[in-house]
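S.K.: got a predicted structure plus its sequence, pasted below:
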Amino acid sequence: MNKGFEPNIVGFACNWCSYAGADLAGTSRIKYPPNIKIIRVMCTGRVTPAFILKSFQNGADGVLVAGCHPGDCHYIAGNLKCEKIMDVVKRLVGILGIGKERLRLEWVSASEGGRFADVVTEFTEQVRELGPLSGKSQG
Amino acid sequence: MFRKSHFNIRKFIYDAFDKDMAKVVFEKVGIWDCTTCSACLNKCPKGVDTVGFVTGLRQLMVEDGRIPPPIRDALKSVSIHKNPWKIGAEERSKWAEGLEIKNISEGADILYFVGCTPAYDARLQKVARAIVGIMNKAGVDFGILGNEEGCCGSEIRRMGDPWTFEYLAKENIETFKKYNIRKVVTTSPHCFNTFKNEYEGADFEVQHYTELIAGLIEEGRLAFSREINKTVTYHDPCFLGKQNKIFDPPRKILASIPGVKLVEMDRARERSLCCEGGGGRMWIESEDSEDRLAKIRVGEAMCVQAQILATACPFCLLTLEDVVKTEELEESIEVLDIAELVIKAL
Amino acid sequence: MESEEIKIGVYVCHCGINIGSTVDVEQVRDSVSELPNVSISRDFKYMCSDPGQALIRKDIEERGLNRVVVAACSPRMHEPTFRKTIQQAGLNPYCVEIANIREQCSWVHEDKADATDKAVKLVCSAVAKASLLEPLEEKEVEIAPRALVIGAGIAGIQASLDIADAGFQVYLVEREPSIGGHMAQLDKTFPTLDCSACIMTPKMVEVERHPNIELLTYSKVIEVGGYIGNFNVKVKKKPRYINMDRCTGCGLCAEACRLKGRITSEFDVGMGKRSASYIPFPYAVPSKYTIDAEHCLFLTKGKCGKSPACKDACTADAVEFEQKEEIVELDIGTIVVATGFDLFDATEKPEYGYGLYDNVLSGLEFERLVSSSGPTQGKIAIGGKDPKDVVFVQCVGSRDKSVGNEYCSRVCCMYTAKQAYLIHEKLPDARLTIFYIDIRAFGKGFEEFYDRVREEGVRYIRGNVSEIIKKGDRLLVMAEDTLLGEPIDVEADLVVLATGIVPRADVRELMNLLKISQSPDGFLLEAHPKLRPVDTASDGIYIAGCCQGPKDIPDTVAQAKGAASSAMTKMSQGKVKVEAIIASVDPFICRGCGRCVEACEYGAPELQEAEPGILVSEVNDSLCKGCGACAVACPCRAISMKHFKNEQIFSQIEAVI
């Protein structure tokens, strides 16, 4: 059965805000597309460029990094460190021809279950429109 | 009396929940009473879009062709003449005859968007000429569109015709683009509001003329030479005050005129009372038998011993002045636009 | 350990039908059974139940499993449970990995096939990580048997007394000159009409006398470092310019003050006046005076007559203008935050004319007016006359999107009923009208009280007031009676606005100080809305009272006792396990560049001279919080983040796609 292109999306969510926000989306039964699979890290400050590149290399069509809003980081400023690194990685994925639009950094707090679902839905839609990265569809 | 009492937006909304929408619209009286002033919208604790609901109901009526004749005529006039006053587009710039105003095609820093009512209404033409006079005194580089100027669509939208509004908006944006207009100054708070908040894809700066003049005074570009020794109160137009939070520039202008004693009415700023001129109400009378709000308002101005009731909106000026005339109050109070006061004192 | 063969047990939970109805649990179980290192794969109705846990333990013992994957709810829910489970069976607690197939799968997806596919991938990812998990060592540190309580309203007072009674030292910090908070400002309390001061004063005095409580009034917490058990706290004590030991509280200084009766009293919320040297209210604790540096002539202008009048008047020689601010450093085990609320500023609702008309009062202003300790000794007079008509407006700043407060303040319905009752008691002829949206009389004895107030003749009209304007020297309150669908105008001599509860204006500052978060309404966020209502996401920091959300006095006291109990539990354990998930440096790879030192917010990595001239980074275990920033910063990958190592996450990435 051909369902059309369904993108593979890897999410990195910080334990304190965004992973908790994703849990809240669940507790509140807010629906979003199943394309995203989240890998938990303690802080977005832990996300090295290698995680992102490895994801794309292994067939991810999009990568979402989600952390605490500025000022809310459990580790003071890990999210801001992540933002700096993401700026560089975005440029890098641009140069590599992967496309900046496939990498997204978002701030989602522990109380923003609805926002988490919105972000994921919208990003999934965007990546779906961009089409498969590797050229192979998972129909 | 302190207010109108028969229009009840909640009843409309409740009925619309379980009844045939058309019945709600056509059986109810009072749908044309709403002036879209936004007093209820600003206060609603639950964020109900009351004004959107009213204009939505009116839209249903327009779609169905069941609209009062005066509204129908105003809408038709806009389609034909680009103004709701049923006068030909070729007469739009008559007010400016003899003033030697630059056409915007010659290039200028600012487009003075006159608006339909100040362009065609004899009383309001004085205001437009006053604004031109003030800008000339201050050496402002401005131009007008002349007969090319078309209705902003604000009232049309509120009378339930979003289609013509969109057409007008698109056309105006294109015209502004054609002449590379970066900044627009309006006479009317209604034009100002729609340009600022309702024109999608607009990339020009908009100012109400009171903001411009207040700025000119602050920069020292306008020097007053005459005194106006009168007690003046200011009526906040809903589309300038309540809806766009512009409360201080008009007051700053009045306070800077030598001799003027500025007094405030009880209902001032956010608390201001609507004059009943918005939302298409310039073209249709209320079905309500209660006193006009403009009459209550003039009474409030007289309560604070004002000799001049100043305002900054064409519709407010007309509705308030109408009360002063019909109630024969000319001896006690005068209704003037702020621009008229400024030009008198220059 | 290195050579040990990895044997993983996978346990997929149905969670009743919570997972089972959207995810084909059996299919998940079967799909992962053949994965490398997996020696057994099972499903069970409730993995977290006793039999579920017993199943895991049995397999560990009988099959020699050394890693466990549980596919169930969020690790934020039951990771601690399963860590304990495998520990009981002799495994290191860090040898379990959770696949979140409930909150992040079955609850958020609808299509069973899609949800099952995703669940399989999430379990594969967990299995991949489990294969690489390493046992971690949990170190323990001592917990200082000292608590810091921030804010001394009724919540802070109650929490302090409970903790102190249990034998722990308490430092109670209050920024005002006296403890007591908002409760001290109230006249009577609903629904029982106890006098607020009468029930509060004994507690305030007890705080002052308690041998285990050190009171730091007129003080502010300015720095919080460290972690549970070992917080390093700095408190700034503002100078009171009065010697606390010498001051007898006689009040001669205030009498003599040249600004007497000219400064707005904060305690009387503008309804009364005070001197520059003042005591906020008669039963203040400590009962000592304070010279207000913002107003005092001597302190602001350097001159007060020939010599400061207060100094001349004081017979105890207690006035000390040379006092300087002082920083107190404290070593603290646990922290209770009880910073309370601010009152909604009714000028944000201009239609009510608050701030414009003298006879429109906020709820708290009315409390001071009606209080026998207030500026009028409880006499309700407007312009010298008894008000004949009084109107109350409910929900001012609450349940109101137009001012951004969607929540209910929970106390206004009842305090308005109480205030109406108090007027009725004092002025039986006054006509009383209350405009409301809904009446929320949900607490013990509330509905009964509301009925009683109505029976006394107070008129309740359902409708939000649209406008209050002047009519002669009275007010005209305009509304719609929404039960009748008709407009109604009521004339009034006095309008009392039921102003709601809002978060403290400086709540952000506090959040940054303590590293705690806020919920969308702006109040402080609890760790779990139902099951951890007094905990925060930061271990050892607890919240109580209105800083967490609007609540009445009984609820505040209950929550304060809960927060105190949580703090005491930790302190009586005496020790706490510190984070095992920390960074470690491979000294053979490290080249001593110091990037990790720059990246760390906590000063955990430090460069040490391993051999003369050779610098190597070393991580201080008790300072490291485990964020992983240093591992990202390290240019030569010498730092690895335990439990979140690069290889572990790479393996997850490979498995999840």
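M.R.: Yep, that arrived.

S.K.: which residues of chain A fall in helices?
M.R.: Counting by DSSP state H, one finds helices in chain A at the ranges A:18-27, A:49-57, A:78-95, A:113-130.

S.K.: neighbouring contacts of the third one?
M.R.: The set of residues external to helix A:78-95 that reach it, using Cβ atoms under 8 Å, 6 or more residues apart in numbering or on different chains, is A:14, A:43-49, A:52-53, A:56, A:65, A:67-70, A:72-73, A:99-100, A:102-103, A:105, A:107, C:599, C:601, C:627-629, C:632-633. For the C-beta atoms, the positions are set from N, CA and C on the backbone; glycine is no exception.

S.K.: just to revisit the earlier point, just send the helices of chain A back as TSV, with distance to C:Leu361 and mean pLDDT too.
M.R.: TSV is the format used below for the helices of chain A (distance: least, Cβ to Cβ, whole Å; pLDDT from 0 to 100):
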stretch	distance to C:Leu361	mean pLDDT
helix A:18-27	40	95
helix A:49-57	59	95
helix A:78-95	44	94
helix A:113-130	38	96
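
S.K.: what's the most buried one of those helices?
M.R.: Highest mean neighbour count among the helices of chain A (mean count of other Cβ atoms under 10 Å in any protein chain shown): helix A:18-27, with a mean of 27.

S.K.: for the closest residue to C:Tyr94 other than its chain neighbours, which three-state class applies?
M.R.: Distances taken as Cβ to Cβ, 6 or more residues apart in numbering or on different chains put C:Leu136 closest to C:Tyr94, at 4.2 Å, once the chain neighbours are dropped. Put simply, C:Leu136 is coil when judged by DSSP: H, G, I helix; E, B strand; the rest coil.

S.K.: surely C:Leu136 meets C:Phe644?
M.R.: No - C:Leu136 is not in contact with C:Phe644 according to Cβ atoms under 8 Å; the separation is 11.3 Å.

S.K.: following the lowest-mean-pLDDT helix or strand in chain B, which helix or strand comes up?
M.R.: None of the helices or strands of chain B scores lower by mean pLDDT, DSSP states H and E than helix B:21-27, at a mean of 64. Using DSSP states H and E, the helix or strand that directly follows helix B:21-27 along the chain is helix B:39-43.

S.K.: any idea how far that following helix is from the chain center?
M.R.: Put simply, helix B:39-43 sits 18 Å off its chain's centre (Cα atoms, centre = their mean, to the nearest Å).

S.K.: now do it: which elements does it pack against?
M.R.: Applying 3 or more Cβ pairs under 8 Å, 6 or more residues apart in numbering or on different chains; DSSP states H and E, we find helix B:39-43 packed against helix B:50-64, strand C:465-471.

S.K.: after the last one, which helix or strand is next?
M.R.: To tie it back to what came earlier, the one meant is strand C:465-471. Next along from strand C:465-471, by DSSP H and E: strand C:474-481.

S.K.: and the angle for the next helix or strand after that next one with strand C:474-481?
M.R.: As assigned by DSSP H and E, the chain's next helix or strand after strand C:474-481 is strand C:486-492. Strand C:486-492 and strand C:474-481 meet at an angle of 160 degrees, taking axes from the mean of the first three to the mean of the last three Cα atoms, to 10 degrees as the criterion.

S.K.: done for today, thanks.
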